[in-house]
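**Q** Okay, predicted coordinates and the sequence, questions at the end:
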Amino acid sequence: MEACCYEGESSKIKLLKLMALLQQETDELHPLSTNEICNRLSAMGISCERRTLAKDIVLLNEQGFEVMWCRVGKEKGYYIADRSFSIPGLKILIDAVQAANFITENKSVELIKKIAALGGSHQADILQSNLVCFNTRKHTNETIYYSVGYLEDAIQQKNKVLFRYFDLNEHGEKVYRREGHRYVVEPVALVFHEDNYYIVVYSAKHDSTANYRIDRMDSVEIIDESVSQRALALRNEVAGYTERVFKMYGGQPVDIVIEFDDKLIGVVYDKFGESTKMIRTHEHMCVATVKVQISPTFWGWLFQFGKQMRILSPAGLVDEQKTMIRKLIEIEEDSLPL
């Protein structure tokens with residue numbers, strides 16, 4: 001009975017080692033022959049015979065692993081055909097890690113190695129050899145990576161968190177808000193916006209939501225206090241909150257009609273989404289109806305395009321735009337030398 005049990009455990013170990021070998025060392029361009037597989041397993045202390053290997057491959061395929069065979073010389077060769085990620089998919093993930101400011105240089109290197117390894121050893125070498133370093137604004141705060149983990153755990157556990165929050169002075173030194181006293185908040189959701197990670201939180205004391213940049217947080221801890229029902233309910237409203245706060249900060253949502261040069265079509269799609277409906281009104285002009293929050297941030301975004309974009313409605317905003325343009329002209333004139 002013991003021998004039978006040992007044989008069963010040995011077979012399981014053999015299958016695990018075989019699967020790991022195939023996943024790590026093979027792909028369509030790099031199959032391993034039957035003889036090579038047996039030798040590799042033997043080097044690991046796993047007994048393997050050619051006549052039983054085919055049965056093991058069948059068993060792996062029955063379990064959902066797509067192990068294919070081909071000719072390697074005069075022998076059969078095997079390789080993994082279906083991987084969780086394609087090579088283009090892995091490349092996109094690696095580029096995203098490189099582009100992310102909040103991931104430090106050291107952590108980026110570590111993550112890229114792990115992502116590349118998902119493609120097998122041969123593809124991992126290719127992926128890493130083709131890296132182009134294009135982000136020179138990486139954060140140096142190594143705690144960001146771990147803070148994201150703590151905050152995600154707190155959200156899943158429905159617990160409150162505490163942390164300290166700081167700004168940077170002209171010397172790049174931390175200046176803590178609230179004289180270094182800790183914030184206690186109810187986490188709602190993590191949001192990634194314009195190269196930075198934020199935590200959206202609810203404050204029962206002020207009955208309001210707020211957001212904090214995670215790279216400006218330290219000493220993050222989960223505390224053994226449950227969040228309120230209001231905080232849990234807000235999780236269903238996160239999409240609307242981020243739309244208001246992170247796209248056009250502050251103010252009430254308003255539907256406006258804008259007219260713009262067709263050179264800005266891509267800009268409008270980038271800002272309001274590719275589902276935005278546009279109508280071409282002239283040879284080089286288009287019109288679209290979009291929802292925004294009227295705020296200084298919105299006006300700053302609009303005025304950067306000068307005569308290439310203007311508001312057509314509602315009438316109140318058309319008048320406000322004209323008034324602001326007149327003030328800008330007056331400021332410009334006042335600044336001219338006499």
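**A** All right, it came through fine. Numbering: from 1, shown residues only.
**Q** Show me the helices in this protein, by range?
**A** 2-25, 34-43, 50-62, 87-99, 105-117, 121-129, 143-157, 229-234, 238-242, 265-272, 296-303, 315-334 (DSSP state H).
**Q** So which of those helices is nearest Ile223?
**A** Nearest to Ile223, of all the helices of the chain, is helix 143-157, at 8.6 Å by Cβ to Cβ. Every C-beta, even on glycine, is put in place using the N, C-alpha and C of the backbone.
**Q** If we go by neighbour counts, what in the closest one is buried?
**A** 143-145, 147-148, 150-151, 154-155 (16 or more other Cβ atoms under 10 Å).
**Q** ok, these vs Lys263, which is closest?
**A** Closest approach between the buried residues of helix 143-157 and Lys263, by Cβ to Cβ: Ile144, at 37.3 Å.
**Q** Same list, the helices of the chain, but as CSV with distance to Val290 and mean pLDDT please.
**A** Putting the helices of the chain into CSV (distance: least, Cβ to Cβ, whole Å; pLDDT from 0 to 100) gives the following:
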stretch, distance to Val290, mean pLDDT
helix 2-25, 48, 64
helix 34-43, 59, 84
helix 50-62, 52, 81
helix 87-99, 27, 70
helix 105-117, 36, 78
helix 121-129, 39, 55
helix 143-157, 31, 88
helix 229-234, 25, 90
helix 238-242, 16, 68
helix 265-272, 5, 88
helix 296-303, 10, 85
helix 315-334, 12, 82
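**Q** Out of these, flag the one nearest Lys74.
**A** Evaluated with Cβ to Cβ, the helices of the chain place helix 34-43 nearest to Lys74, the distance being 10.0 Å.
**Q** can you count the residues close to the closest residue to Asp167 other than its chain neighbours?
**A** Leaving aside its sequence neighbours, Asp167 sits nearest to Val175 (Cβ to Cβ, 6 or more residues apart in numbering; 5.1 Å). For Val175, the tally of surrounding residues (other Cβ atoms under 10 Å) stands at 10.
**Q** repeat for the one 10 residues further on
**A** Look at Val185: counted by other Cβ under 10 Å, it has 23 neighbours.
**Q** where does Tyr25 sit relative to Val67, distance-wise?
**A** Quick fix: residue 25 is Glu, not Tyr. Glu25 sits 13 Å away from Val67 when distances are taken as Cβ to Cβ, to the nearest Å.
**Q** Show me the chain divided up by domain.
**A** The chain resolves into domains spanning 2-80, 87-129, 143-247, 253-334 when parsed by automatic domain parsing.
**Q** Tell me who's in contact with the residue nearest to Asp167.
**A** Each residue near Val175 by Cβ atoms under 8 Å, 6 or more residues apart in numbering is listed here: 166-169.
**Q** now Pro187
**A** Neighbours of Pro187 in contact, by Cβ under 8 Å, 6+ apart: 151, 154-155, 160-161, 199-201, 227, 231.
**Q** if we can go back for a sec, quick check: which of the helices of the chain is nearest to Tyr79?
**A** Of the helices of the chain, the one closest to Tyr79 (Cβ to Cβ) turns out to be helix 2-25, at 6.8 Å.
**Q** ok, back up a step: and which of the contacts of Val175 is nearest His181?
**A** Nearest to His181 among the contacts of Val175: Phe166, at 11.8 Å, using Cβ to Cβ.
**Q** what's around the closest one, how many residues?
**A** 17.
**Q** quick one on the thing from earlier: the more surrounded of Glu25 and Val67?
**A** Counted by other Cβ under 10 Å, Glu25 and Val67 do not tie: Val67 has more neighbours, with 21 against 18.
**Q** Any idea what that one is bridged to?
**A** Counting by DSSP bridges, Val67 is bridged to Ile80.
**Q** show me what contacts it?
**A** So Val67 contacts 22, 57, 60-61, 78-81 (Cβ under 8 Å, 6+ apart).
**Q** from the contacts of Pro187, which is closest to His193?
**A** Val200 (10.5 Å).
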